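# next comes the sequence, and after it the predicted model I'd like to discuss.
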Amino acid sequence: MDEDSCLICSRIAAIQAGANPYFVAEVETGYIVLGDYQFFRGYTLLLSKQHVTELHYLAAPLRLQYLHEMSLVAEAVFRAFQPRKLNYELLGNGEPHLHWHLFPRYPDDPSPGTPSWKVDKNLRYAPAARPDAAELLRLKQQLLEALLQLPDLNIRATWKSLPE
Ligand SMILES: [Zn+2]
């Protein structure tokens, strides 16, 4: 899969055009977005700016910076949504462009001992798990406030600084 047919690259192009409602903030190595479905409230992704399929394809300094930024984004997700536990996943089987999934897991989780992918799809992809515009804005604001409290994270842009 090349960049022309890559879903993540097209999502990034939409961010740059001001047309991705899930976009929260841009950092040095990637774009922070909320997941389309919010069954795991605060589910966040960090999309790599570079279209590469494996972590080791990033040059070493960039790779370390990407991992460092991911850990800071995870900290912000934890502070913003206060889950019982965070899950970190870098898979890329369906979309082979580096992107971290950060899943908050809560005390009322229906399958607390399993990976998030094993939780019932009918719950994860239920229409009710799709945030409406007001809920999306509330989640984005909550996450952005936590991101802005991390002095080591260099935020280059937010959804508020892009064209409407
Ligand atoms: Zn891509």
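All right, it came through fine.

# and the biggest strand by length in the chain, which strands flank it?
In the chain, taking DSSP state E as the definition, the longest strand is strand 99-105. If you go by DSSP bridges, strand 99-105 pairs up with strand 44-48 (antiparallel), strand 85-89 (antiparallel).

# adding distance to the ion, write those out as JSON lines.
Just so you know, the C-beta spots here come from the backbone N, C-alpha and C atoms, and that holds for glycine as well. Listed next are the strands paired with strand 99-105 as JSON lines, based on distance: least, CB to the ion, whole Å:
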{"stretch": "strand 44-48", "distance to the ion": "8"}
{"stretch": "strand 85-89", "distance to the ion": "18"}
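
# any idea which of these is most buried?
strand 44-48 (a mean of 24; mean count of other CB atoms under 10 Å).

# so where do the helices sit in this structure?
Secondary structure of the chain (DSSP state H): helices at 7-16, 60-81, 121-124, 133-148.

# just give me the neighbour total for L34.
21 (other CB atoms under 10 Å).

# how about E26?
22.

# for the lowest-mean-pLDDT helix or strand in the chain, the distance to its chain's centre please.
Least confident helix or strand, the chain: helix 121-124 with a mean of 93, by mean pLDDT, DSSP states H and E. Its chain's average C-alpha position is 19 Å from that of helix 121-124, according to CA atoms, centre = their mean, to the nearest Å.
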